[in-house]
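> Sharing a sequence plus its predicted fold:
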Amino acid sequence: MNDCLARRGPCSIVPDYMLQAIAANGTAEERRYARATLAQDAAFRTERRLQQPSGGGQPGADAGAGAGSPHKNRRVFTASNGTSLPGTSRRDEGQAATGDAAVDQCYDGLGGTFDLFWDIFGRDSIDGNGMDLIGTVHYGNKYNNAFWNGSQMVFGDGDGLIFNSFTADPDVMGHELAHGVTGATAGLEYHDQPGALNESVSDCFGSMVKQRMLGQSSAQADWLIGAHLLASGINGVALRSMKAPGTAYDDSKLGGKDPQPDHMSKYVNTSSDNGGVHINSGIPNKAFYLLATALGGNSWDRAGPIWYRTLTASGLSATAQFAEFAKLTYDSANALYGSSVADVVAKAWQDVGIDLAITTWYTNRSVLSTFTSAHSMNAWAYIDGLGWRKVEPRTPDGVTNMFDLLTEVQASGRAATVYADGSLIYQAYSV
Amino acid sequence: MAIVSFSAGQVVSTYCSAHSMNAWAYIATTTPWRKIQPISTDGATNMFVLLNAAKAGGRLVSGSYDDTTGELFTLYMN
């Protein structure tokens, strides 16, 4: 079930708190359009009108990989600045460009999203069963949002004062359609940490769509969500930055500085935004960015499959907290590519403040520092790639033996292989 | 019990856990892995200190082991 829809109506790219800020701080005209967008979104939540496209359906039970040929069927409509969906047909699958930028950008973005999921993950459309990809552009009058309503994408033109057209960024499309994939698979609940994971997963797949369409490697990508969305008068570069959460914008009309944290130590406890789903998504976003860039190549080469397997085939629960998701990405990486890649996953999560606390062997690691005091069994070592770990305080002589091994390794500049978890070292070899 | 002597052995690797008197060494001339005779905590630690220092410093060791249990009995660092 798509909890994003059930909880708050459409899965929108612009969060309510941003629109509320504009409604409070913008010019008279900006406030009018922001309030109109909020009212339209509220009306949708009340109405909960879900369209049934022909040839497909709402995402339901995940059909997973397609049985044979994929069913790629894009259908782009215009609402002609009204709100009836899907509107008037403008471009169907295989038809030539129309010259209407919004129509053609929508067509291309839907295609890029479909291609990513099929070519890389073997998934036939959003529901895994060849669901038609429907998009409606020119929705509403200067409507300041884009959303997935459970059956289709809907794009506003933006007011041109705060927001540009919502079809300009393929990552926006990928983001919204990925909500459908999440709804058809793990069903991450749209509140607090599972909701932030829901949002983050969408940002991750949206970024992969954009990077693949632009032919960008992880190193070349800007890792911005909605890089063309903010109008020229707004002090900001995008809605969100996966590379540097909290730096995408700083404008009083948007409510001030980008509130996203980049580390668990800065986790935002709030009741707004469904418990900060668009805010705390910065933490897993950063972890994905760190992983993709550490692995090198393209984000969809290995980081993407790790995330996809975690979402669809790892047993991820709908109420997963960051720690569960992180552990499952580690397991997915281990299953797909082995322990060396899994270690990179663990490091990425550690760098955003989520320690996987995996008890396993860490091989050929340098001992960078050691520490002890005169207290009994108080001996520590800083293991390269792990950080500080305490020698398991099991027996006094056992601790001394372990500490002796580690200090000698450090002094000689050699390496140790240790069996440890998030806090303790249990066994050690000098290599 | 038969005590077997060895000399000029390279300490290839050492191992321990935090359990009491659970310290081992792999000495090239006395394969396989041998546990330090667990008869006293300080004694086992002393032997383990010697082995780690020898490995770290690239020095050779000599000593003896119990042929019945395989456990290291005495050690010299050369």
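Yep, it's here. Numbers count the residues shown, from 1 in each chain, chains lettered A, B, ... in the order given.

> Domain-wise, how is chain A divided?
Partitioning chain A according to automatic domain parsing yields domains covering residues A:3-276, A:360-430.

> Deepest-packed of those, please.
Mean neighbour count, computed with mean count of other C-beta atoms under 10 Å in any protein chain shown, is highest for domain A:3-276 among these, reaching a mean of 21. Glycine gets a C-beta too; all of them are placed from N, C-alpha and C.

> just how off-centre is that one within its chain?
For domain A:3-276, the separation from the chain centroid amounts to 12 Å (computed by C-alpha atoms, centre = their mean, to the nearest Å).

> swap in stretch B:37-52?
Going by C-alpha atoms, centre = their mean, where stretch B:37-52 is centred and where its chain is centred differ by 8 Å.

> ok, is it in contact with chain A or not?
Yes - contact between stretch B:37-52 and chain A, assessed by C-beta under 8 Å from any C-beta of the partner chain, occurs at B:41-42, B:44-45, B:48-49, B:52.

> which residues of chain B fall in helices?
Remark: helices of chain B, listed N- to C-terminal, are B:41-57; assignment by DSSP state H.

> Wait, residue A:344 touches residue A:296, no?
No - taking contacts as C-beta atoms under 8 Å, residue A:344 lies outside contact range of residue A:296: 10.1 Å.

> still on that earlier bit, let me have the domains of chain A in a markdown table, extended by mean pLDDT.
Below are the domains of chain A laid out as a markdown table (pLDDT from 0 to 100):
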| stretch | mean pLDDT |
| --- | --- |
| domain A:3-276 | 89 |
| domain A:360-430 | 92 |
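
> Looking at those, spot the one closest to residue A:351.
With respect to residue A:351, and counting by C-beta to C-beta, the nearest of the domains of chain A is domain A:3-276 at 8.1 Å.

> re earlier: okay if I get the residues of stretch B:37-52 next to chain A as CSV plus neighbour count?
Rendered in CSV, the data for the residues of stretch B:37-52 next to chain A read as follows (neighbours: other C-beta atoms under 10 Å in any protein chain shown):
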residue, neighbour count
B:41, 16
B:42, 11
B:44, 24
B:45, 23
B:48, 28
B:49, 19
B:52, 25
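
> With distance to residue B:61 and pLDDT as added columns, please give the residues you listed in a markdown table.
A markdown table is the format used below for the residues of stretch B:37-52 next to chain A (distance: C-beta to C-beta, whole Å; pLDDT from 0 to 100):
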| residue | distance to residue B:61 | pLDDT |
| --- | --- | --- |
| B:41 | 21 | 93 |
| B:42 | 19 | 93 |
| B:44 | 16 | 94 |
| B:45 | 16 | 95 |
| B:48 | 12 | 95 |
| B:49 | 12 | 95 |
| B:52 | 11 | 96 |
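
> And those residues, which is closest to residue A:94?
Using C-beta to C-beta as the measure, the one of these that approaches residue A:94 most closely is residue B:52, at 71.3 Å.

> OK, contacts around the residue lying closest to that closest one once chain neighbours are set aside?
Leaving out its chain neighbours, the residue that sits closest to residue B:52 by C-beta to C-beta, 6 or more residues apart in numbering or on different chains is residue A:408, at 3.9 Å. For residue A:408, the residues meeting the contact criterion (C-beta atoms under 8 Å, 6 or more residues apart in numbering or on different chains) are A:430, B:52-53, B:55-56.

> all strands of the stretch 301-431 of chain A, in order?
With DSSP state E, counting those that start in this stretch as the definition, the stretch 301-431 of chain A shows strands at residue ranges A:360-372, A:379-383, A:387-391, A:415-420, A:424-430.

> Comparing residue A:344 and residue A:296, which residue is more hemmed in?
Using other C-beta atoms under 10 Å in any protein chain shown as the criterion, residue A:344 and residue A:296 rank with residue A:344 on top: 20 against 12.

> I'd like the distance from the more buried one to chain B, if you could.
Using C-beta to the nearest C-beta, to the nearest Å, one gets 26 Å for the distance from residue A:344 to chain B.

> Which of the three states applies to the nearest residue in space to residue A:167 that is not next to it in sequence?
Sequence neighbours aside, residue A:105 is the residue nearest to residue A:167 in space, at 4.0 Å (criterion: C-beta to C-beta, 6+ apart). Three states are possible here, and by DSSP: H, G, I helix; E, B strand; the rest coil the one that applies to residue A:105 is helix.
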